[in-house]
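*Asks:* Need the 3D shape of this:
(one chain, ligands or ions: 2)
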Amino acid sequence: MKKNILIIPGDGIGQEVTEWGKQVLEVIASKFGHEFAFDNAIMGHTAIEATGNPLPDETLEKAKASDAILFGAIGHAKYDNDPSAKVRPEQGLLKIRKELGLYANLRPILLFDELLDASSLKPEILRGTDILFFRELTGDVYFGEKTRNEDNTFASDLMNYHRYEVERIARKAFEAAQTRGKRLCSVDKANVLETSRLWREVVQGLAAEYPDVETEHMFIDNAAMQLVKNPKKFDVVLTANLFGDILTDEASQIAGSMGMLASASIGDGTGFFEPIHGSAHDIAGQDKANPLASILSAALMLDIAFGLQEEAKAVTEAVDQALKAGWRTSDIAVNDTPADRILGTVAMGQKVIELLKSR
Ligand code: IPM
Ligand code: MN
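*Replies:* Ligands and ions are numbered 1, 2, ... in the order given. Here you go, the predicted model:
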């Protein structure tokens, strides 16, 4: 198979971890006889520094022309404490999501048994959890009109949804549920928000078309609680952009660390694959970041963008092997992890590459 893959490392630890997702793709190409051609592009703070624009036209053009994108992370501490900054790294990510029509963000909560003790939750609560989040990604309060009055005493962000926006992601979530545990939980705040009432109405309407899927509706506040109380009760979770952003960070603790979770953003065209973690400037450049989320994002690309299930499985299994052998980065180490098993970004990346090559 011949594919053009665009690598956008972005900011902070994105620069360090994306290298390993890319190397994994290279090994897969040579092992399975595929031809992956790679190109690079800039985005976020890195792009603001170089061009003044968080998403330069050149990056967007390359993105549109590629078959899949492997992205790292975005953001810089300097903007977090400066709410008045008009040009912000995150604008690059939001714009590329919109421009590529990436309306469905899939975030699988993939649990490796070896990491049950890395979570702050009890292993018996976690064991057997397997959740697939469908977070809507191009609508909601993220993209609604933003205002600020002249004397700076009032601000607003408009939360809005069109029926078609809810329907297209709901269909994807129902279809996924059919191939998994056949349970779908739609999360909203329909007791308060009009957008949520429309959301619920649309999902209820579609449920009739998927009679083999057991559909449930849950308020976001309750879902946030149920997720740590009994995560096993969930199979596919469907939710809006902001709720999904918050809920999936919470859910990452089920998998032990944000450093383990990959995501796939799909929609009308080129798919976009990225860890759910941020740019983590506090540990950037120190060889501390966990490269496994980037590596697992590469696996999601193989599976979802290219339909290469066997190749994707080889990557996931190599990660599993590394963990089974006791290798840890510091975010997934526990008190009794021997010091000589705790690796930096590069060493962990190399371990997975070695294991993948020797399969
Ligand atoms: C994510 C991130 C982004 C979001 C930020 C960086 C804009 O938190 O992908 O979850 O809020 O969507
Ligand atoms: Mn987030």
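
*Asks:* dump the residue contacts of the closest residue to Ile246 other than its chain neighbours.
*Replies:* Closest residue to Ile246 apart from its sequence neighbours, by C-beta to C-beta, 6 or more residues apart in numbering: Ala224 at 7.5 Å. From N, CA and C alone the C-beta is placed, and that goes for glycine too. By C-beta atoms under 8 Å, 6 or more residues apart in numbering, the contact list for Ala224 reads 246-247, 250.

*Asks:* what about the residue nearest to Pro231 when sequence neighbours are not counted, how many residues close to it?
*Replies:* Excluding the flanking residues, the one nearest Pro231 by C-beta to C-beta, 6+ apart is Thr129, at 4.3 Å. By other C-beta atoms under 10 Å, the residues close to Thr129 number 21.

*Asks:* same check, this time on Ala50
*Replies:* Other residues near Ala50 number 10, with proximity taken as other C-beta under 10 Å.

*Asks:* Assumed it was part of a helix.
*Replies:* Yes: under DSSP: H, G, I helix; E, B strand; the rest coil, Ala50 falls within a helix.

*Asks:* Could you tell me the model confidence score at it?
*Replies:* Per-residue pLDDT puts Ala50 at 98.

*Asks:* didn't it look like it was pressed against Ile42?
*Replies:* Yes: using C-beta atoms under 8 Å, Ala50 is in contact with Ile42, at 6.0 Å.

*Asks:* got the contact list for the residue of the stretch 51-200 of the chain found nearest ligand 1?
*Replies:* Nearest residue of the stretch 51-200 of the chain to ligand 1: Glu90, at 3.9 Å (C-beta to the nearest ligand atom). Residues near Glu90 by C-beta under 8 Å, 6+ apart: 44, 54, 74-75, 79.

*Asks:* again with Phe306
*Replies:* Contacts for Phe306 (C-beta under 8 Å, 6+ apart) come out as 1, 3, 67-68.

*Asks:* Report pLDDT for Ser257.
*Replies:* For Ser257, the pLDDT comes out at 93.

*Asks:* That one contacts Ala333, doesn't it?
*Replies:* No: taking C-beta under 8 Å as the definition, Ser257 is not a contact partner of Ala333, at 9.7 Å.

*Asks:* between the two, what contacts are shared?
*Replies:* Contact criterion C-beta under 8 Å, 6+ apart; residues bridging Ser257 and Ala333 by contacting each: Ala118.

*Asks:* For those two, indicate the residue with more neighbours.
*Replies:* Taking neighbours as other C-beta under 10 Å, Ser257 and Ala333 compare with Ser257 leading, 21 against 17.

*Asks:* Whichever residue of the stretch 201-350 of the chain sits closest to ligand 1 sits in which helix or strand?
*Replies:* Using C-beta to the nearest ligand atom, Asp245 is the residue of the stretch 201-350 of the chain that sits closest to ligand 1, at 4.5 Å. Using DSSP states H and E, Asp245 falls within helix 241-252.

*Asks:* what comes up buried for that helix?
*Replies:* 241-245, 247-248, 251-252 (16 or more other C-beta atoms under 10 Å).

*Asks:* what comes into contact with it?
*Replies:* 105, 107, 109, 131, 133-143, 159, 187-189, 220, 223-224, 227-228, 231, 237, 239, 258, 260-261, 263, 276-277.

*Asks:* for the helix or strand following that helix, packing partners?
*Replies:* Next helix or strand after helix 241-252 toward the C-terminus (DSSP H and E): strand 262-266. With contacts defined as 3 or more C-beta pairs under 8 Å, 6 or more residues apart in numbering; DSSP states H and E, strand 262-266 has these neighbours: strand 104-109, strand 271-275, helix 292-300.
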